[in-house]
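Engineer: Structure for this input, please:
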Amino acid sequence: MTLVTAPSRHDDPPRHGDPPDSRPARRPAVLPWLLAAGTAAQVIVRLWFARARTSPAANPDETGYLVAARWLAGSAGGDLSGHTFYQGGYPLLLAPAYWVSHDPVTVYTIVMVINAVLGAALFPLGYAAARRLGLGRRAAAPVAFAAALLPATTFFGAFALADAVLPALVLAWLLALDRFVREGRALAAVGASALASYAAMVHTRGMVVLVVHVLVLVGVAVMHRLRDRAAVAGGAAALAGYAAGAALNGRIKGEMYPGGVRDLAASLELRITTVPGQEWALSGAAGQVWYLIVSTWGLGGVGLAAVAAALIRRRTPRPDRIMAAALLATTLAIAYASSAALPDEHRVGNFAYGRYLSCLALVYTLIGAAALARSGPRAAIRLAAASLLVLGTAALWVTAYAGGRLRTHTFIAFDFPETTFLTGDRTALHLPTVTLVVAGLLCGFLALSRLGRRHRVIAMAVALAGINLAAVTFASGPSPRRTRPAPPFPGPAAGGVVADVSLHWAVKNRLIHPVWWTRVGRFDIRDGRRPPPGVCTVVVPLPDGTAPEASWPARPAGWRPHPGRAWSIGWVSWRDPSCGAAQ
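Structural biologist: Sure, this is the predicted structure:
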């Protein structure tokens, strides 16, 4: 990644009054303290935005990861049959939270701390990437700090989601792979393979990373026979890591998905093999690229243009070309495959979505910022123009394909933290307005990049940090208060819990995390049987207009109803008073 994006310095002739390039560097002892202080600040910022979070909100995803972590820690699991499979790599990092406490609120708070530390690692990693992209020490630190605050890497870190760890994993993989491509060291190959394999253990997006990684290993081995040993070592590490991840995920799947997982293979096959399916997949991929540029305030588009230019430019050194190809292949493959696999959920996010490429947002932002800062005026304008061209083309493509569905389909503000900030509207996607605003922001960054060499990077970093913090603040909503959720059921947290088979999946899912002491089982109240021995609570649906007392006609004598509500869905928990007096 040393020169994969930034034009060489002779493209940026010094202007009158600019300081020389050979400025005295800071004493080496200062840098570790600077990185440590910046990392601590990143942790504090992330904890501040997550300060009110005490329980899962993005379900079923958060519950899937949390319950897998609980099971890995040796406690009760849960039944998530029929849901998307939530892989075990991220829960491995969360499992220690359950060693500290069984209280759901305490556990969730510890998870937010873990997420904050993982997210803060983006600052030192981003600094290393910025240095390889040609920025000096004084420029790399502020740019990396500001870029690490992107909503794509900060907002989702306030939830128990794999998006909290994937950006750091992907950036660390790119850095290690870049080292291997340039130097051919076995240690770098093994490190990159371990990171790629772990990414595949975390999310299906990581499988794309692993496939691209293996292709790079093979390509480098073919082009540089002297590096065969390093490539073989890397390949062996990748195979071992994948096998370990497959074994872990297999155990989780068998324990928590006894009825099977949500099958997306049929949807993927339909999309790949039919013309309408290809139209859907390609349009969705274009929408993801559009959102990638939007979520990076236009800088990601500059990064895309710079990477593409490095790939096709004849004079590009081979290592730069390899890294450019790997990065673009990863980006486009994630965008296309994720769009092709997902069914039509009648959501605006089917047409323009940012989470799947959020793991690459920081990478492209750093590349774009470095390219603008190091380019001469003409090169910078060309890069900005290319970014605007891709942004506009993708916007037109999405608008033409989706049409009125952008207005009639369900809009979920959680999926659009950046666009809701840019338009001030949490109820709809205003695609043309967002496109124009981002174009204006990019022009502003272009203007800042033309300041004197001493001030340009600082000005860009300050502007980037300010926009990022304002966006995350807006997306987080009004100043939240930390409140402890009410217990799911009255009475002591003890005894078995079963849910009627007809209970809405959202209610079942919402109960799994707070019911920490036992696995929520299945029960059919229509059979007229008594609950199994040891069961103290039975959860049944409450249709509209039905009295709680009438929700379970065949209940055993003495059992008492306690109505609850999850969103707009009614339910009743029936409790056996012999298990403890209701509170």
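Engineer: Strands of this structure, residue ranges please.
Structural biologist: 496-500, 520-523, 535-541, 560-566, 569-575 (DSSP state E).
Engineer: Lowest average pLDDT across these?
Structural biologist: Comparing mean pLDDT across the strands of the chain, the weakest is strand 560-566, with a mean of 83.
Engineer: partner strands of it, parallel or antiparallel?
Structural biologist: strand 569-575 (antiparallel) (DSSP bridges).
Engineer: next one: the strand it pairs with to chain centre, how far?
Structural biologist: 34 Å (Cα atoms, centre = their mean, to the nearest Å).
Engineer: now that strand against strand 535-541, angle please.
Structural biologist: Here the directions of strand 569-575 and strand 535-541 differ by 160 degrees (axes from the mean of the first three to the mean of the last three Cα atoms, to 10 degrees).
Engineer: Helices along the stretch 251-400 of the chain, start to end?
Structural biologist: Taking DSSP state H, counting those that start in this stretch to define them, one finds helices in the stretch 251-400 of the chain at 265-273, 275-295, 299-312, 318-341, 361-374, 377-402.
Engineer: Which of those sits closest to Thr84?
Structural biologist: helix 318-341 (10.1 Å; Cβ to Cβ). The way it works is simple: take the backbone N, C-alpha and C, and place the C-beta from them, glycine included.
Engineer: Most tightly packed of the helices of the stretch 251-400 of the chain?
Structural biologist: helix 361-374 (a mean of 29; mean count of other Cβ atoms under 10 Å).
Engineer: angle of it against helix 318-341?
Structural biologist: The directions of helix 361-374 and helix 318-341 differ by 140 degrees, with the same axes, to 10 degrees as the criterion.
Engineer: Report the mean per-residue pLDDT for helix 361-374.
Structural biologist: So the average pLDDT for helix 361-374 ends up being 96.
Engineer: List the contacts of stretch 35-44.
Structural biologist: 116-117, 119-124, 127, 141, 144-145, 148-149 (Cβ atoms under 8 Å, 6 or more residues apart in numbering).
Engineer: So which bits of it are buried?
Structural biologist: 35, 38-39, 42-43 (16 or more other Cβ atoms under 10 Å).
Engineer: now, among the residues you listed, which is nearest to Val438?
Structural biologist: Of those, the one sitting nearest to Val438 (Cβ to Cβ) turns out to be Gln42, at 24.7 Å.
Engineer: Ok, which of the strands of the chain comes nearest His213?
Structural biologist: For His213, the closest of these is strand 520-523, at 38.8 Å, according to Cβ to Cβ.
Engineer: which helices and strands does the closest one pack with?
Structural biologist: strand 496-500, helix 505-512, strand 535-541 (3 or more Cβ pairs under 8 Å, 6 or more residues apart in numbering; DSSP states H and E).
Engineer: one more time with 7 Å
Structural biologist: strand 496-500, helix 505-512 (3 or more Cβ pairs under 7 Å, 6 or more residues apart in numbering; DSSP states H and E).
Engineer: for the longest one, which positions count as buried?
Structural biologist: Taking 16+ other Cβ under 10 Å as the basis for neighbour counts, the residues of helix 505-512 that come out buried are 507-512.
Engineer: From the contact counts, what lies against it?
Structural biologist: helix 61-72, strand 520-523, strand 560-566, strand 569-575.
Engineer: can we see that at 10 Å?
Structural biologist: Here helix 505-512 touches helix 61-72, strand 496-500, strand 520-523, strand 535-541, strand 560-566, strand 569-575, going by 3 or more Cβ pairs under 10 Å, 6 or more residues apart in numbering; DSSP states H and E.
Engineer: which ones are touching the residue nearest the centre of the chain?
Structural biologist: Central residue of the chain (Cα atoms, centre = their mean): Asp163, 2.2 Å from the mean position. Each residue near Asp163 by Cβ atoms under 10 Å, 6 or more residues apart in numbering is listed here: 58, 61, 90, 115, 119, 152-153, 155-157, 202-203, 205, 355-356, 358-359.
Engineer: now do 6 Å
Structural biologist: Contacts for Asp163 (Cβ atoms under 6 Å, 6 or more residues apart in numbering) come out as 156, 358.
Engineer: For Val535, give me its contacts.
Structural biologist: Contacts of Val535 (Cβ under 6 Å, 6+ apart): 496, 498.
Engineer: do Thr410 as well
Structural biologist: Listed by Cβ under 6 Å, 6+ apart, the contact set of Thr410 reads 346-347.
Engineer: Show me what it is bridged to.
Structural biologist: Where Thr410 sits in a bridge, its partners, by DSSP bridges, are Arg347.
Engineer: State the distance from it to Asn350.
Structural biologist: Thr410 sits 10 Å away from Asn350, going by Cβ to Cβ, to the nearest Å.
Engineer: Quick one: distance of stretch 56-69 to the chain centre.
Structural biologist: Using Cα atoms, centre = their mean, the offset of stretch 56-69 from its chain centre is 14 Å.
Engineer: What of stretch 254-268?
Structural biologist: The mean C-alpha position of stretch 254-268 is separated from the chain mean by 21 Å, Cα atoms, centre = their mean.
Engineer: and if you look at stretch 412-432?
Structural biologist: Put simply, stretch 412-432 sits 18 Å off its chain's centre (Cα atoms, centre = their mean).
Engineer: Now do the end-to-end distance for that stretch.
Structural biologist: With Cα to Cα, to the nearest Å applied, stretch 412-432 spans 18 Å between its terminal residues.
Engineer: in that stretch, what counts as buried?
Structural biologist: 415-423, 426, 429-431.
Engineer: residues contacting His430?
Structural biologist: Thr423.
Engineer: From Leu406, how far off is it?
Structural biologist: Taking Cβ to Cβ, one finds His430 at 9 Å from Leu406.
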